[in-house]
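Generate coordinates for the sequence data below:
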Amino acid sequence: MVDALVIIPTYNEIENVERIIKNVLSLQRDFHILIVDDNSQDGTADKIKELQLEHPESLFLIEREGKLGLGTAYITGFEWALERSYEYIFEMDADFSHNPNDLIRLYNACAKGSSQVAIGSRYVTGVNVVNWPMSRVLLSWGASKYVRFITGMDIHDTTAGFVCYKREVLEKINLKKIRFVGYAFQIEMKFKAYLLKFKIKEIPVIFTDRTRGTSKMSKGIISEAVFGVIKMKFNSLFNRYEI
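Residues are numbered from 1 along each chain as shown. Below you'll find the predicted structure:
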């Protein structure tokens with residue numbers, strides 16, 4: 001039985017999706033892939049269905065009716081995984097900003113080590129980011145420092161989207177109480193795992209900005225993270241935060 005599932009949300013990723021799927025499925029360790037597609041208009045879902053003919057037992061697809069947000073895409077994937085027997089459940093981007101080879105390192109941190117959450121971290125050993133302008137590096141690095149200061153989490157890359165969760169973590173977190181839908185979702189998931197006292201480990205990775213397709217970052221996503229973190233921490237101090 002394959003015990004690891006990689007969840008990859010997509011929206012207009014036709015330029016990347018075939019390569020990322022083939023890369024993950026060619027690794028020395030076996031992984032299954034679940035694509036959660038938000039009604040891409042560029043043929044992403046059709047390409048995945050074509051690839052499913054080649055990989056019927058390892059590649060799965062959930063099609064949603066619209067662009068509903070990164071957080072809800074992952075929650076949909078988590079719930080799908082928990083209905084099955086996967087023990088290690090991953091978040092990964094479709095655009096090769098996360099190196100598929102690092103999946104094995106995250107897997108080993110949880111399966112062979114004592115970690116219950118393994119984070120592919122850009123900042124645990126400095127700044128390991130390629131192809132970003134300095135302004136965006138400073139924004140991302142500063143955001144993680146800000147979140148770390150506000151929440152008290154001993155995590156250098158609090159906004160990282162390359163993560164392995166052991167099944168027990170997702171079973172304990174009430175996924176229906178996740179409030180954020182953008183990139184702040186990544187912060188909220190880590191904060192809840194931290195409050196539940198799961199062991200979290202950062203694995204240093206090199207993050208490479210996408211070379212194909214377009215970024216989904218927006219001002220609204222940044223605003224959600226900045227103000228949402230303060231509210232999240234405040235509520236946790238007064239037992240008004242549901243985990």
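
what's around the closest residue to Val124 other than its chain neighbours, how many residues?
For Val124, the nearest residue in space outside its immediate sequence neighbours is Glu202; the separation is 4.1 Å by C-beta to C-beta, 6 or more residues apart in numbering. For the C-beta atoms, the positions are set from N, CA and C on the backbone; glycine is no exception. Neighbour count of Glu202, defined by other C-beta atoms under 10 Å: 21.

Can you give the strand pairings for the one helix or strand Glu202 maps to, parallel or anti for each?
Element membership for Glu202, per DSSP states H and E: strand 200-204. Strand 200-204 sits in its sheet next to strand 117-121 (parallel), going by DSSP bridges.

pull the CA atoms of the partner strand into PDB?
Extracted in PDB, the C-alpha atoms of strand 117-121 (Å, rounded to 0.1, in the frame of the first residue of the first chain):
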ATOM      1  CA  VAL A 117       4.700  18.000  10.800                       C
ATOM      2  CA  ALA A 118       7.600  18.600   8.400                       C
ATOM      3  CA  ILE A 119       8.000  22.000   6.700                       C
ATOM      4  CA  GLY A 120      10.000  22.600   3.600                       C
ATOM      5  CA  SER A 121      11.600  25.800   4.900                       C
END
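
Name the next helix or strand following that strand along the chain.
Taking DSSP H and E, what comes next after strand 117-121 is strand 129-130.

counting contacts, what elements does that next one pack onto?
Contacts defined by 3 or more C-beta pairs under 8 Å, 6 or more residues apart in numbering; DSSP states H and E place strand 129-130 against strand 207-208.

which helices and strands sit right next to the strand it packs on?
Under the contact definition 3+ C-beta pairs under 8 Å, 6+ apart, strand 207-208 sits against strand 129-130.

So what touches the strand it packs on?
If you take C-beta atoms under 8 Å, 6 or more residues apart in numbering as the criterion, strand 129-130 is touched by Arg122, Val137, Ser140, Ile206, Phe207, Thr208, Asp209.

Now for this protein, the helix or strand with the poorest mean pLDDT.
The helix or strand of the chain with the poorest confidence is helix 219-237; it has a mean of 77 (mean pLDDT, DSSP states H and E).
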